[in-house]
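**Student:** What follows is a predicted structure for the sequence shown.
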Amino acid sequence: MDAIAILDFGSQYAQLIARRVREAHVYCELFPYDASSVQVLGLRPKGFILSGGPASVYEPGAPQIPAYVLGSGLPILGICYGMQAMAHALGGRVAPSADREFGKAEVEVTEQNPLLPDGRLPVWMSHGDRIDALPPGFAPLARSDNSPYAAMANPAEKRYGLQFHPEVRHTPDGPAILRGFLVDVCEAKADWTAESIIDQAVEQVRRQVGKEQVLAAVSGGVDSSVAAALVQRAVGDQLTCVFVDTGLLRHGEPESVVTAFGEDLGARLVAVNASEAFLEALEGLTDPEAKRRVIGEKFVRTFEEQAAGLGNPPYLVQGTIYPDVVESSAPDRQKASRIKTHHNVGGLPREMGFSLVEPLRYLFKDEVRAVGLALGLPESLIWRQPFPGPGLAVRCLGEVSLERLIRLRAADRIASEELALAGSLRDDTAQAFVVLLPVRSVGVMGDQRTYAETVVLRAVTTDDFMTADWARLPSELLARISSRIVNEVAGVNRVVYDITSKPPATIEWE
Ligand code: XMP
């Protein structure tokens, strides 16, 4: 499989470059610019892409293009800082630009080349420095109002530089520009497709686990489901999927997990109904972190019991995906203060002694979805919105009782149904759900006074779940959801819509 190595010089768009390359069906990996040559060349790349970055090449200590890259003789595409660093390293001159260029701009292509189409192209610029003198052997390919060299090339050495960002959507020709570099310049085969990903993962899983037994915890989440389905494709009967029903899932979810794995995929599935035990453990708890802790512990214990019953298989499937891998190595992640303990709830700790099988470790989310569909998982599962590990417990504010869970589940079901009918679940919200508050208010129904609980409808738009805005849902849809919930769910007499963004609020209420 042909591959491209992308070196990250600190760009906020580095992952986006990698996604665009994969969308062109060429495999690539992302490395910090100072990764070891052994690691990067181990990929056997057909070419390099150098990302943008916040530094200026003439500052002391500015990141440099590693010597092994320039010495490799392989094609290089420098984007923004990557272009400037290449110009600087090869004897050109980079200087601060009198007019910084940020946002939409237009470049005029002045020289025919394999990357840029003829004419004037709308592009996305974001730079303070510019190239004033090209290095020897380079020719200009395009100019903009502020950059005499908005693109440059040394075609003989297959080295290209772009002052603008082909990876962002605001550069409409970006995909074609990248394809020109990948296919025409690097001569990489565009054979990275769902089918080839599956073939390769299957082979690798088989090699890793041999004849041993493998366990997977499935809960209906996209990543863990696709990971388990891939392993099932690879080693069939050696895999046992364990589904722990915590009693904290939404309406219909336990059944759909059993159908998807047990019936559709024909995987060996052990379904454990542990809802009573989870409810008991949660009794009396109202603090969000205490709920998370208890659920996390209970989950691990339940899973351990199942594993022991299955003779403690040595391998465990995990749905780790590429952004988790890339981000967990970024230094600023570790410093972020802990608002909620997220990713260790419903997950299983490394100390459990399993060797991990991580077939999605190099895949982006859209690739995970494509693989899942190709493996025959249902669309409803593949497009499922994120759902927190501790489940409805962190949406049932105050004490978690069976009665209140039934109330919450019924209200949530109505909201999901109406959002889906209106097409809003997929198109207008990244996450939408109902929260039950431990707050009672007075109402009137028929001629009767009511004194019942309140639910909140929370619906947000977001790309990355780090920040979010509340969804501007149509008022008729909100009205339908509200009236159905109050009419159909006993114990609820008021529905409110959460109009807070994140920050300052978070998406979940606990
Ligand atoms: P917040 O509420 O922090 O949520 O804005 C961001 C995203 O993370 C999900 N979330 C969780 N996921 N365990 C999880 O696996 C958790 O404890 C947890 N808490 C929040 C949340 O649903 C949203 O998608």
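**Tutor:** It's in. Numbering: from 1, shown residues only.
**Student:** by contact count, what packs against the helix or strand in which residue 206 is found?
**Tutor:** Remark: residue 206 resides in helix 194-209, with elements defined by DSSP states H and E. Packing partners of helix 194-209 (3 or more Cβ pairs under 8 Å, 6 or more residues apart in numbering; DSSP states H and E): helix 222-235, strand 355-357, helix 365-374. In short, each C-beta sits where N, CA and C put it, glycine included.
**Student:** angle of the longest one against helix 365-374?
**Tutor:** For the pair helix 222-235 and helix 365-374, the angle between their directions (axes from the mean of the first three to the mean of the last three Cα atoms, to 10 degrees) equals 50 degrees.
**Student:** related to what we said a few turns ago, tell me the most buried of the helices and strands packed on helix 194-209?
**Tutor:** Highest mean neighbour count of the helices and strands packed on helix 194-209: helix 222-235, a mean of 25 (counted as mean count of other Cβ atoms under 10 Å).
**Student:** Would it count as contacting the ligand?
**Tutor:** No. Helix 222-235 stays clear of the ligand (Cβ under 6 Å from any ligand atom), getting no nearer than 10.7 Å.
**Student:** what does that helix contact?
**Tutor:** 198, 201-203, 205-206, 209, 214, 216-218, 239, 241, 260-261, 265, 267, 317-321, 357-360, 365, 368-369, 371-372, 375-377, 381-382, 384 (Cβ atoms under 8 Å, 6 or more residues apart in numbering).
**Student:** Please produce a PyMOL select command covering the buried subset of those.
**Tutor:** Listed next is the PyMOL selection for buried residues among those, using 16 or more other Cβ atoms under 10 Å:
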select buried, resi 198+201+202+205+209+214+216+217+218+239+241+260+261+265+267+317+318+319+320+321+357+358+359+360+368+369+371+372+375+377+381+382+384
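**Student:** before we move on, back to that, report the strands that pair with whichever helix or strand comes after the helix holding residue 206, each with its relative direction.
**Tutor:** The C-terminal neighbour of helix 194-209 among helices and strands, as given by DSSP H and E, is strand 214-217. Its sheet considered, strand 214-217 pairs with strand 239-245 (parallel), strand 315-317 (parallel) by DSSP bridges.
**Student:** Of those strands, which is nearest residue 485?
**Tutor:** Residue 485 sits nearest to strand 239-245 of all those, at 24.8 Å, using Cβ to Cβ.
**Student:** Between helix 194-209 and the closest one, find me the angle.
**Tutor:** With the same axes, to 10 degrees defining the directions, strand 239-245 sits at 100 degrees from helix 194-209.
**Student:** which residue sits closest to the most centrally placed residue in the chain, ignoring its sequence neighbours?
**Tutor:** For the chain, residue 365 is the residue whose C-alpha lies nearest the centre (Cα atoms, centre = their mean; 5.0 Å). In space, and not counting its chain neighbours, residue 365 is closest to residue 321: 6.4 Å by Cβ to Cβ, 6 or more residues apart in numbering.
**Student:** ok, the nearest residue to residue 256 once chain neighbours are set aside - how many residues close by?
**Tutor:** Using Cβ to Cβ, 6+ apart and skipping the chain neighbours, the partner closest in space to residue 256 is residue 220 (6.5 Å). Residue 220: 21 surrounding residues under other Cβ atoms under 10 Å.
**Student:** And residue 220, how far from the ligand?
**Tutor:** Counting by Cβ to the nearest ligand atom, to the nearest Å, the separation of residue 220 from the ligand is 12 Å.
**Student:** and if you look at residue 60?
**Tutor:** In terms of Cβ to the nearest ligand atom, residue 60 sits 39 Å off from the ligand.
**Student:** Ok, residue 487 next?
**Tutor:** Going from residue 487 to the ligand by Cβ to the nearest ligand atom gives 28 Å.
**Student:** likewise residue 273?
**Tutor:** With Cβ to the nearest ligand atom as the criterion, residue 273 and the ligand are 21 Å apart.
**Student:** what's that residue in contact with, if anything?
**Tutor:** Residue 273 sits next to 245, 247, 254 when contact means Cβ under 8 Å, 6+ apart.
**Student:** Same list (those) but as JSON lines, adding distance to the ligand.
**Tutor:** As requested, those are exported to JSON lines (distance: Cβ to the nearest ligand atom, whole Å):
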{"residue": "245", "distance to the ligand": "17"}
{"residue": "247", "distance to the ligand": "17"}
{"residue": "254", "distance to the ligand": "18"}
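**Student:** Pull out the buried residues from these.
**Tutor:** Neighbour-count burial (16+ other Cβ under 10 Å) applied to those gives 245, 247, 254.
**Student:** Show me what residue of the stretch 151-300 of the chain gets nearest to the ligand.
**Tutor:** Closest to the ligand within the stretch 151-300 of the chain is residue 292: 5.4 Å, counting by Cβ to the nearest ligand atom.
**Student:** My understanding was that that residue contacts residue 390; is that so?
**Tutor:** Yes. Between residue 292 and residue 390 there is a contact under Cβ atoms under 8 Å: 5.1 Å.
**Student:** Could you check which of these two has the larger neighbour count?
**Tutor:** The neighbour count for residue 292 versus residue 390, taken as other Cβ under 10 Å, is higher for residue 390 (28 against 23).
**Student:** Over to that one: give its phi and psi.
**Tutor:** Phi and psi for residue 390, reported as degrees, to the nearest 10, are phi -70, psi 0.
**Student:** how much space between it and the ligand?
**Tutor:** Plainly put, residue 390 is 5 Å away from the ligand if you go by Cβ to the nearest ligand atom.
**Student:** Isn't that residue up against residue 293?
**Tutor:** No. Using Cβ under 8 Å, residue 390 is not in contact with residue 293, being 9.4 Å away.
**Student:** Give me the mean pLDDT for the longest strand seen in the chain.
**Tutor:** The strand that spans the most residues within the chain, counting by DSSP state E, is strand 93-109. On average, the pLDDT along strand 93-109 is 88.
**Student:** and it, C-alpha only, in CSV?
**Tutor:** Coordinates of each C-alpha in strand 93-109 appear next as CSV, following Å, rounded to 0.1, in the frame of the first residue of the first chain:
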residue,chain,number,x,y,z
ARG,A,93,14.3,34.4,1.4
VAL,A,94,11.3,34.6,3.8
ALA,A,95,10.3,37.9,5.3
PRO,A,96,7.4,39.4,7.3
SER,A,97,4.6,40.4,4.9
ALA,A,98,3.6,44.1,5.1
ASP,A,99,0.0,43.0,4.8
ARG,A,100,-0.8,39.8,6.6
GLU,A,101,-3.3,37.6,4.6
PHE,A,102,-6.0,35.9,6.6
GLY,A,103,-9.2,34.4,5.2
LYS,A,104,-10.5,34.3,1.6
ALA,A,105,-8.2,35.4,-1.1
GLU,A,106,-7.7,34.7,-4.8
VAL,A,107,-4.6,33.5,-6.6
GLU,A,108,-3.8,33.7,-10.2
VAL,A,109,-2.1,30.7,-11.7
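**Student:** secondary structure class for residue 190?
**Tutor:** Of the three states, residue 190 takes coil under DSSP: H, G, I helix; E, B strand; the rest coil.
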